[in-house]
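Visitor: Provided below for reference: sequence and predicted model.
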Amino acid sequence: MATLRTLHMVGNRLTTLDTRRVKPPEKQVNPFYRSVEWRGLMRHLIKSRGRRCQECGRTNTRIFGDHIHELFDGGAELDPSNIKLLCGSCHTKKTIAKRTERIRANP
């Protein structure tokens, strides 16, 4: 019984070590997304379209403005018709799919 109690106490002190030799770079936020123009456009879009994911319909969640034709691919920055309001899940799925597509096209 004493052994079980000792193991239980040790378990709380253990930490996870990151043993990767090369760590992925930290995410860099494009300064454009912190601009007064972008934030103003997002306020306008959420007010006019509602705080609802335009992909799955989810509400009561954080909403992201997603460029349909991405900036990286030459999409218009502040064109409301190029922006879709997405929940975090749908935004992540779309972003991963686009990155995967881009990587496969340029090996």
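Guide: Cool, the structure landed. Residues are numbered from 1 along each chain as shown.
Visitor: and the longest helix for the chain?
Guide: helix 88-105 (DSSP state H).
Visitor: helices or strands next to it in the packing?
Guide: Other elements packing on helix 88-105 under the criterion 3 or more Cβ pairs under 8 Å, 6 or more residues apart in numbering; DSSP states H and E are strand 63-67. (C-beta placed from N, C-alpha, C; glycine too.)
Visitor: state the mean pLDDT of the strand it packs on.
Guide: The pLDDT scores in strand 63-67 average 96.
Visitor: burial count for residue 87?
Guide: 22 (other Cβ atoms under 10 Å).
Visitor: could you check the angle strand 63-67 makes with the longest helix of the chain?
Guide: 30 degrees (axes from the mean of the first three to the mean of the last three Cα atoms, to 10 degrees).
Visitor: CA atoms only: put helix 88-105 into PDB for me.
Guide: What follows is helix 88-105, C-alpha atoms only, in PDB (Å, rounded to 0.1, in the frame of the first residue of the first chain):
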ATOM      1  CA  GLY A  88     -12.300  27.800 -35.400                       C
ATOM      2  CA  SER A  89     -12.900  24.200 -36.500                       C
ATOM      3  CA  CYS A  90     -14.000  25.000 -40.100                       C
ATOM      4  CA  HIS A  91     -11.200  27.600 -40.400                       C
ATOM      5  CA  THR A  92      -8.600  25.100 -39.300                       C
ATOM      6  CA  LYS A  93      -9.900  22.400 -41.700                       C
ATOM      7  CA  LYS A  94      -9.800  24.900 -44.600                       C
ATOM      8  CA  THR A  95      -6.400  26.200 -43.800                       C
ATOM      9  CA  ILE A  96      -4.900  22.700 -43.500                       C
ATOM     10  CA  ALA A  97      -6.500  21.600 -46.700                       C
ATOM     11  CA  LYS A  98      -5.100  24.600 -48.600                       C
ATOM     12  CA  ARG A  99      -1.600  24.100 -47.100                       C
ATOM     13  CA  THR A 100      -1.600  20.500 -48.100                       C
ATOM     14  CA  GLU A 101      -2.700  21.300 -51.600                       C
ATOM     15  CA  ARG A 102       0.000  23.900 -51.900                       C
ATOM     16  CA  ILE A 103       2.700  21.500 -50.600                       C
ATOM     17  CA  ARG A 104       1.600  18.800 -53.000                       C
ATOM     18  CA  ALA A 105       1.700  21.200 -55.900                       C
END
